[in-house]
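1. Let's see this in three dimensions:
(chains A and B)
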Amino acid sequence: MKQYWEELTKGIWKKNPILIIGIGMCPTLAVSTSISNALWMTLAATIVLVCSNILVSMVKSIVPGHIRIPIFITIIAAFVTIVELTLNAFQPAVYQALGIFIPLIVVNCIILGRAEEFANKNGIIFSALDGIGMGLGFGLTLTVLAMIREILGANKLFGLTLIPGMEPSSAMIIAPGAFFTLAFMLCGMNYINSRKKE
Amino acid sequence: MNNIVKPTLVLGLIALVASMALSHIKKITYPNILKQEKEKQERALAMVLPGFAVGDKVAVKLDGGEFVYWPAHKDESGAVKKAYAFITSSTGYSGDVVSMVGVDEAGTILGLSILQQGETPGLGARSVEVASKNTFWQTITGNAKEEGEMSPWFQQQFTGLNGKNKITITKKGDWDPSIKDELLSRNAITAITGATITSRATIKGVEKGMDSLAKALEAASQAAPAGAQSITGGAR
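-> Residues are numbered from 1 along each chain as shown, chains lettered A, B, ... in the order given. Next comes the predicted model:
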């Protein structure tokens, strides 16, 4: 039981995909401009991550080692397309809100990274838990980053103005702001972890 | 030998299963997607031509591409006012920004609606953002004002501009009703902060569309004798 809990929670701090493993930076920097973007991205990526982890761990026994990457890519891409088509047809409101985030899942290397690193070596239940945990870790990091950027860069929170009349720093909303904030977050994370070890 | 045959078979099999699943799902979802797109187009038409009776869609071949427009008309104190809506696109920061524009005969823009864009979230994608005027504190303390139906501010500011003249860009931050008169007198829009390329692409789309509309109308009036060109057919 303890191991199940361990697989679920490791993504949040100990093996946080962005801050510790250092993958999935591309969508992180691109969509962390507002909290609502961050939450939609987390939802979209986590659904695909959990499902692709389950599928990969199901087919792992018939996949020859040296061609596993093209096979994983095929599974992930097929899954992203299925999600996109289904939402477009039956949930137009959600599809409209997610919009660009669905195709952006493809550039999220957390999904391929977890398929290769974890789902390829572990069972179905562990893989699903790993997917949920990694999704949570991704989402939390993204939300904190987006909150800082939205407050400083747009003077807004959840799309609502904080201080009327104040001119926000637009550097925070464009790419450099994402790099600065991420660097400070990495720095803080490493500081806390290095203190823990001593 | 086994090193070549087995991987080929496995990869082929998985690709086959994936493409079969996709084509099946495409077949199920396609009618619904078409329906959604049609509804979206009708909503956009109602938005860019408010109060007008919209006629049938006209598609013409122009400069090697297809140009689509809708004639429309409205009775205004006895006189019939004509207007047109057209679809235009221009290259933005990532891919095309496709918009629908409604103009009257004088070239005044009646409305603009961005149908499709793939711009950066938080920057160019704010071209479709609907901004609330309430502040965060007003909302969490329950003092928010009722705002009714809101439309995206970036698109809203095109209404009233003259599409036949050059539309310029100013950088005054987000659009606000208080700067509307100044922008109208200068035939300008205020750009989205950090996304001038998207703002410029939208303007370029309008210019391109106005050109094509003029050409298409000229071709139509040459084909049919003056006065015979009916725009009343198929009013919805």
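
2. contacting residues for the residue in chain B positioned nearest to chain A?
-> For chain B, the nearest residue to chain A under the criterion Cβ to the nearest Cβ is B:Gly122, separated by 2.4 Å. No exception for glycine: its C-beta is placed from N, CA and C like everyone else's. The neighbourhood of B:Gly122, defined by Cβ atoms under 8 Å, 6 or more residues apart in numbering or on different chains, consists of A:Val31, A:Thr33, A:Ser34, A:Asn37, A:Ala154, A:Ile173.

3. which one among those gets closest to B:Asn143?
-> Minimum distance to B:Asn143 across these is 21.3 Å, recorded for A:Ala154 (Cβ to Cβ).

4. Hmm, A:Ser34 and that closest one touching each other?
-> Yes. Taking contact to mean Cβ atoms under 8 Å, the distance of 7.0 Å between A:Ala154 and A:Ser34 places them in contact.

5. Of the two, give the one with the bigger neighbour count.
-> Set side by side, A:Ala154 and A:Ser34 show unequal neighbour counts under other Cβ atoms under 10 Å in any protein chain shown, the larger going to A:Ser34 at 25 against 22.

6. Roughly how far does the more buried one sit from chain B?
-> With distances taken as Cβ to the nearest Cβ, to the nearest Å, A:Ser34 is found 6 Å from chain B.

7. Low-confidence ranges, chain A, go.
-> Applying pLDDT under 70 to chain A flags the ranges A:97.

8. Buried ones in the longest helix along it, by neighbour count?
-> Scanning chain A for the helix with the most residues, using DSSP state H, yields helix A:124-154. Neighbour counts over helix A:124-154 (16 or more other Cβ atoms under 10 Å in any protein chain shown) mark A:126-154 as buried.

9. For the residue in chain A that chain B sits nearest to, give me its contacts.
-> Evaluated by Cβ to the nearest Cβ, chain A has A:Thr33 as its residue closest to chain B, separated by 2.4 Å. A:Thr33 sits next to A:Ala146, A:Arg149, A:Glu150, A:Gly153, A:Ala154, A:Ile173, B:Pro121, B:Gly122, B:Leu123 when contact means Cβ under 8 Å, 6+ apart.

10. hmm, 6 Å instead?
-> A:Thr33 is in contact with A:Arg149, A:Ile173, B:Pro121, B:Gly122, counting by Cβ atoms under 6 Å, 6 or more residues apart in numbering or on different chains.

11. B:Tyr69 now?
-> B:Val58, B:Tyr84, B:Phe86, B:Leu213.

12. Tell me which of those fall in helices.
-> Secondary-structure check on the contacts of B:Tyr69 using DSSP H: residues within helices are B:Leu213.

13. Can you tell me which of the contacts of B:Tyr69 end up in strands?
-> Counting by DSSP state E, the part of those found in strands is B:Val58, B:Tyr84, B:Phe86.

14. How about the regular element (helix or strand) spanning B:Val17 and chain A, any contact?
-> Under the criterion DSSP states H and E, the helix or strand holding B:Val17 is helix B:2-48. Yes. Applying Cβ under 6 Å from any Cβ of the partner chain, one finds helix B:2-48 touching chain A at B:Pro7, B:Leu11, B:Ile14, B:Ala15, B:Ala18, B:Leu22, B:Ile25, B:Thr29, B:Asn32, B:Ile33, B:Gln36.

15. So for that helix, mean pLDDT?
-> The predicted model assigns helix B:2-48 a mean pLDDT of 90.

16. strand partners of the helix or strand that comes right after the longest helix of chain A, parallel vs antiparallel please.
-> The first helix or strand that comes after helix A:124-154 along the chain, using DSSP H and E, is strand A:156-157. Its sheet considered, strand A:156-157 pairs with strand A:160-161 (antiparallel) by DSSP bridges.

17. Let me see the residues that make contact with the strand it pairs with.
-> Strand A:160-161 has contacts (Cβ under 6 Å, 6+ apart) with B:Ser132, B:Asn134, B:Thr135, B:Phe136, B:Thr139.

18. With secondary structure, neighbour count and distance to A:Lys10 added, can I get the residues you listed in JSON lines?
-> Compiled in JSON lines, those are given as follows (DSSP: H, G, I helix; E, B strand; the rest coil; neighbours: other Cβ atoms under 10 Å in any protein chain shown; distance: Cβ to Cβ, whole Å):
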{"residue": "B:Ser132", "secondary structure": "coil", "neighbour count": "17", "distance to A:Lys10": "39"}
{"residue": "B:Asn134", "secondary structure": "coil", "neighbour count": "16", "distance to A:Lys10": "40"}
{"residue": "B:Thr135", "secondary structure": "strand", "neighbour count": "19", "distance to A:Lys10": "39"}
{"residue": "B:Phe136", "secondary structure": "helix", "neighbour count": "19", "distance to A:Lys10": "34"}
{"residue": "B:Thr139", "secondary structure": "helix", "neighbour count": "17", "distance to A:Lys10": "36"}
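
19. of those residues, list those near chain A.
-> Checking these against chain A by Cβ under 6 Å from any Cβ, the ones in range are B:Ser132, B:Asn134, B:Thr135, B:Phe136, B:Thr139.

20. Based on its surroundings, how many neighbours for the closest residue to the fourth one other than its chain neighbours?
-> Translated: B:Phe136. Distances taken as Cβ to Cβ, 6 or more residues apart in numbering or on different chains place A:Leu160 nearest to B:Phe136, at 4.1 Å, with adjacent residues excluded. Burial of A:Leu160 is recorded as 18 neighbouring residues (other Cβ under 10 Å).

21. what's the nearest residue to A:Leu152 once chain neighbours are set aside in contact with, if anything?
-> Leaving aside its chain neighbours, A:Leu152 sits nearest to A:Met172 (4.3 Å; criterion: Cβ to Cβ, 6+ apart). For A:Met172, the contacting residues are A:Arg149, A:Leu152, A:Gly153, by Cβ under 6 Å, 6+ apart.
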